[in-house]
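1. I need the structure of the sequence given here:
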Amino acid sequence: MNSIYFNQYWTLTNAAALAWTTGLFIFFIAAFHASELYYPWLRIIKHSPQRDTKPKTKDSKVLVELGKLYFLGSNAKRRKIEKDHSKALKYFKASSDLGNALGQANLGIMHEQGLGGLPKNLPEAVNLYKKSAEQGNTLGQALLGNMYVDGLGGLPKDSKKAAKLFQTSAERGDPLGMAFFGIMLRTGTGGLKMNEAEASKFFRTSAKKGNSWAQVYLGDMYERGVAGLAKDPEKAVVLYRASSYQGNPMAMAFLGRMYQNGEGGLSENTAQALELCSASSERGCSFGQGYLGEMYEHGIGVPVNTDKAIQLYQRSVNQGLDLYKENLQKLLQKKNTVS
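-> Sure, this is the predicted structure:
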């Protein structure tokens, strides 16, 4: 085993909003909203969506389903559709214009992330999320709550309002709402009392529905054996891998650490650890940055590069992850002593 053993313990209470620090992937999570993965509309659409240039229907539900098809792409044998965010935008906007709450939520995602040729426009995203949430759409409620967490798009920073929106969404069975409400229960934020056992219930239900954030947080609980769950690193690996496949950067970091340490039934694999941690770091995850910093500091799978390690530790710490403050300070002192 390599001399460095990746730190596997972390305190979310010191970085309560870490799930949102990698908000770049919120659109991915929302798009994979488990309750929306099934597309029955393909059976009733008489024209091929692949040949569409303009929406040919006024049915807002059909329009939003077509938008999701183009957003994600489809490899179905008889209906293969290439991912095309510009076409997804067209259908989401058409659906939104007809007042469809899910269309509004998805159009908001496009504005929030600057997809389909749109510039990033957080105020417009908030406007659309509000419209969706006011109609009782659970995805819109979860996304609006997410904006309140960091006070984005002209909204005040209001964790209590966020918690209320997440709870409303979660109690109606929304996977994203359950995941985010679980995170707030896990960290005791938003005016909520910390309750890991209750959080684990929301994580388990959400994870079964395919939400990547629920999977990674539940995986952490199994890895550490908390909230009444038996310690089960193998189950943690399964959950991290499922989340990682969806592009979740935190899951990539944790799975990379498991590969590096040879845990959870995995054989030590430095190359795989480096690949996963690099991907996580590139996506802005503070854990991925910290783990990758350790690899550069100690020369694990890469040549020793103190400057690179300092840079990565600094990015991680700047996002609120105190876990790497000591590593950063030691390297800075060492560098100043040498110079």
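
2. Could I get the CA-only coordinates of the helix or strand hosting residue 255 as CSV?
-> With elements taken from DSSP states H and E, the one containing residue 255 is helix 249-261. Extracted in CSV, the C-alpha atoms of helix 249-261 (Å, rounded to 0.1, in the frame of the first residue of the first chain):
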residue,chain,number,x,y,z
PRO,A,249,-18.2,14.6,-8.6
MET,A,250,-18.4,13.8,-4.9
ALA,A,251,-19.0,10.1,-5.6
MET,A,252,-16.1,10.1,-8.1
ALA,A,253,-13.8,11.4,-5.3
PHE,A,254,-15.0,8.9,-2.7
LEU,A,255,-14.8,6.0,-5.1
GLY,A,256,-11.3,7.1,-6.1
ARG,A,257,-10.3,7.1,-2.5
MET,A,258,-11.7,3.6,-2.0
TYR,A,259,-9.6,2.4,-5.0
GLN,A,260,-6.5,4.1,-3.6
ASN,A,261,-6.9,2.5,-0.2
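
3. Mind checking what helix or strand follows it in sequence?
-> helix 270-282.

4. tell me the angle of the helix holding residue 255 relative to helix 270-282?
-> 160 degrees (axes from the mean of the first three to the mean of the last three Cα atoms, to 10 degrees).

5. Low-confidence ranges, the stretch 1-150 of the chain, go.
-> 1-56, 76-78 (pLDDT under 70).

6. mind redoing it with 90?
-> Applying pLDDT under 90 to the stretch 1-150 of the chain flags the ranges 1-58, 72-82.

7. Same question for the stretch 201-339 of the chain.
-> 320-323, 334-339.

8. all helices for it, in order.
-> 212-224, 233-245, 249-261, 270-282, 286-298, 306-318, 325-338 (DSSP state H, counting those that start in this stretch).

9. Out of those helices, the one nearest residue 97 is which?
-> Closest approach to residue 97 among those (Cβ to Cβ): helix 212-224, 30.2 Å. All C-beta spots, glycine's among them, are computed from the backbone N, C-alpha and C.

10. Please name every helix or strand in contact with the closest one.
-> helix 26-31, helix 175-187, helix 196-208, helix 233-245, helix 249-261 (3 or more Cβ pairs under 8 Å, 6 or more residues apart in numbering; DSSP states H and E).

11. and these as TSV, adding distance to residue 336 and mean neighbour count?
-> Shown next, in TSV, are the helices and strands packed on helix 212-224 (distance: least, Cβ to Cβ, whole Å; neighbours: other Cβ atoms under 10 Å):
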stretch	distance to residue 336	mean neighbour count
helix 26-31	39	21
helix 175-187	35	29
helix 196-208	41	21
helix 233-245	37	21
helix 249-261	29	28
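
12. right, and those - which one's nearest residue 166?
-> Nearest of these (Cβ to Cβ): helix 175-187, 3.9 Å.

13. could I get the closest one in PDB with only the CA atoms?
-> Only the C-alpha atoms of helix 175-187 are listed here, as PDB (Å, rounded to 0.1, in the frame of the first residue of the first chain):
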ATOM      1  CA  PRO A 175     -36.000  12.200  -5.300                       C
ATOM      2  CA  LEU A 176     -34.100  15.500  -5.500                       C
ATOM      3  CA  GLY A 177     -36.100  17.100  -2.700                       C
ATOM      4  CA  MET A 178     -35.600  14.000  -0.500                       C
ATOM      5  CA  ALA A 179     -31.800  14.100  -1.200                       C
ATOM      6  CA  PHE A 180     -31.500  17.800  -0.300                       C
ATOM      7  CA  PHE A 181     -33.800  17.600   2.700                       C
ATOM      8  CA  GLY A 182     -31.800  14.600   3.900                       C
ATOM      9  CA  ILE A 183     -28.600  16.700   3.600                       C
ATOM     10  CA  MET A 184     -30.100  19.400   5.700                       C
ATOM     11  CA  LEU A 185     -31.200  16.900   8.300                       C
ATOM     12  CA  ARG A 186     -27.700  15.300   8.200                       C
ATOM     13  CA  THR A 187     -26.000  18.600   8.800                       C
END
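
14. Great, nothing more from me.
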